[in-house]
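Asks: next comes the sequence, and after it the predicted model I'd like to discuss.
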Amino acid sequence: MENVHSSIFSRSLQVMSRILRRDIYNLRAPGISIDQIKQPDPDPLAAAQYSCIYWVDHLLDSNTRGNFDNLKDIGLVYRFLTQSYLYWLEALSLMKSLSNGIVIIRKLEDWVQLLNRRLFNLIARPLSSPQKRVLFE
């Protein structure tokens, strides 16, 4: 099942990276109220709505065993956030799901903190006490 979640996570990032862009609804008025926005037909966000909301859940579900075989996920997330973060927030806002974005980012932060702690333990554990003494004397 983890492989399925991993595939959905990867595909979600691909879909969002391809679709999300600045001013996707061509509003050209950054101060417009969300209540005044009319969804275009066809909606350019339609194909990315699921991905925008559930990509982090699939990331977390694909790493339930704490495997480090898939450290590329960190790189994929980093690239997505550096290239598309603002567009993703804009999309969530247009979908009236910005509050979901806060929860999503919090889940992502928790995952990264947990992953870093596990990485630290993975690196530190193989060194036995005598080896540590030799290294630090």
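Replies: Cool, the structure landed.

Asks: element containing Leu115?
Replies: Assigned by DSSP states H and E, Leu115 falls within helix 98-124.

Asks: what helices or strands is that helix leaning on?
Replies: helix 49-62, helix 72-94 (3 or more C-beta pairs under 8 Å, 6 or more residues apart in numbering; DSSP states H and E). The C-beta positions use only the backbone N, C-alpha and C, and glycine is treated the same way.

Asks: weakest of these in terms of mean pLDDT?
Replies: The minimum mean pLDDT among the helices and strands packed on helix 98-124 belongs to helix 72-94 (a mean of 89).

Asks: chain center to that one: distance?
Replies: Offset of helix 72-94 from its chain centre (C-alpha atoms, centre = their mean, to the nearest Å): 6 Å.

Asks: what does it rub up against?
Replies: Contacting residues not belonging to helix 72-94 are listed as 6, 9-10, 13, 16-17, 20-25, 34, 37, 39, 45, 48, 52-53, 59, 62-63, 98, 100-101, 108, 112, 115 [C-beta atoms under 8 Å, 6 or more residues apart in numbering].

Asks: for the buried ones among those residues, write the corresponding PyMOL selection.
Replies: Per 16 or more other C-beta atoms under 10 Å, the buried members of the contacts of helix 72-94 correspond to this PyMOL selection:
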select buried, resi 6+9+10+13+16+17+20+24+25+45+48+52+53+59+62+63+101+108+115
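
Asks: for Lys96, grab the count of nearby residues.
Replies: 11 (other C-beta atoms under 10 Å).

Asks: pick the most buried one from the helices and strands packed on helix 98-124.
Replies: helix 49-62 (a mean of 19; mean count of other C-beta atoms under 10 Å).

Asks: tell me what that helix is packed against?
Replies: Applying 3+ C-beta pairs under 8 Å, 6+ apart, one finds that helix 49-62 contacts helix 2-19, helix 72-94, helix 98-124.

Asks: Ala29 is nearest to which of the ones you listed?
Replies: When the helices and strands packed on helix 49-62 are compared by C-beta to C-beta, helix 72-94 sits nearest Ala29, at 13.2 Å.
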